[in-house]
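Q: A predicted structure for the sequence below; I have some questions about it.
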Amino acid sequence: MPDQTEILILKAKKGDTIAFNKLVGGWYKRIYNFGYKYFSDHDQAMDITQKTFIAIHKNLVRLESPQKFKGWLYKIALNYCREEDRKQKKKWILPFVNFKTEKEEFVFNAYESDLDDPEKSFQKGELAELMAKALGKLNSDQRAVIIMKEYECLKFKEIAEVLNISENTVKSRLYYGLKSLKAILNKWNIKHQCYYF
């Protein structure tokens, strides 16, 4: 039995505007969050999100199987992120403020929880900067896998489809990416036990 997303996709493919708008509403926050994690910039995240859903609108009829929508959606978003990254050639920044991220959590929630505790907020700000620097030292392949697996909660199979690689390669990139991250943090005398990995 098809889930709600699949039903909306089938209707949207037939030109149902309301169904398409509901589809966008259900995924907009996650794609924005993905773009924000990639660039740490609201405007760039908005731009990536807009481009992604414009592309989805234009090409939805070509999607053969509604079950592949999630991977297809992230593949388009990631391609626009990489395209923008090449254009800007700016340093990659990621606000790793809270490693305990729920599937549908919006990135700003991590900041809102510490508004009444300036010291804690300051410490998290410092942590975010250090993590951004550490993650900036990883290659883009490992970085993309870490975001999709640890933050977007994609399955290995879904990540493999997005990146056009095998599941074993995804696992390898995740393993070596986290291992490299630990090594960098250890080198900087930062105790990685307090983080997600």
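A: Nice, thanks for sending it over.
Q: where do the helices sit along this structure?
A: Secondary structure of the chain, counting by DSSP state H: helices at 4-13, 17-39, 42-59, 69-88, 109-112, 118-136, 140-146, 156-163, 167-187.
Q: Make CSV from these and add mean pLDDT and mean neighbour count to it.
A: In this view, the C-beta of every residue, glycine as well, is placed from N, C-alpha and C. Below are the helices of the chain laid out as CSV (pLDDT from 0 to 100; neighbours: other Cβ atoms under 10 Å):
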stretch, mean pLDDT, mean neighbour count
helix 4-13, 94, 17
helix 17-39, 91, 18
helix 42-59, 94, 17
helix 69-88, 89, 18
helix 109-112, 33, 13
helix 118-136, 64, 15
helix 140-146, 86, 20
helix 156-163, 93, 19
helix 167-187, 92, 16
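Q: The residue nearest to Ser166 when sequence neighbours are not counted: what's it in contact with?
A: Excluding its sequence neighbours, the residue lying closest to Ser166 (Cβ to Cβ, 6 or more residues apart in numbering) is Ala160, at 6.0 Å. By Cβ atoms under 8 Å, 6 or more residues apart in numbering, the contact set of Ala160 is 166-167, 169-170.
Q: Adding distance to Ala183, write these out as JSON lines.
A: Formatted as JSON lines, the contacts of Ala160 follow (distance: Cβ to Cβ, whole Å):
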{"residue": "Ser166", "distance to Ala183": "25"}
{"residue": "Glu167", "distance to Ala183": "25"}
{"residue": "Thr169", "distance to Ala183": "21"}
{"residue": "Val170", "distance to Ala183": "20"}
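Q: Closest one of these to Leu127?
A: Nearest to Leu127 among the contacts of Ala160, counting by Cβ to Cβ, is Val170 at 26.7 Å.
Q: The closest one is in contact with Leu163, isn't it?
A: Yes: contact status for Val170 versus Leu163: in contact at 7.0 Å, counting by Cβ atoms under 8 Å.
Q: Identify the contacts common to those two.
A: Taking Cβ under 8 Å, 6+ apart as the contact criterion, the common neighbours of Val170 and Leu163 are Val145.
Q: The residue positioned nearest the centre of the chain and Ala144, how far apart?
A: A centroid search over the chain (Cα atoms, centre = their mean) returns Phe34, at 3.0 Å, as the residue closest to the centre. Phe34 is 10 Å from Ala144, where distance means Cβ to Cβ, to the nearest Å.
Q: intersection of neighbour lists for those two?
A: Taking Cβ under 8 Å, 6+ apart as the criterion, Phe34 and Ala144 both touch Leu78.
Q: domain parsing for the protein?
A: Following the assignment in automatic domain parsing, the chain carries domains at 1-90, 98-197.
Q: before we move on, the earlier item: between the contacts of Ala160, which sits nearest Ala77?
A: Val170 (17.1 Å).
Q: can you tell me which residues contact that closest one?
A: With contact set as Cβ under 8 Å, 6+ apart, Val170 has these partners: 145, 149, 156, 159-160, 163.
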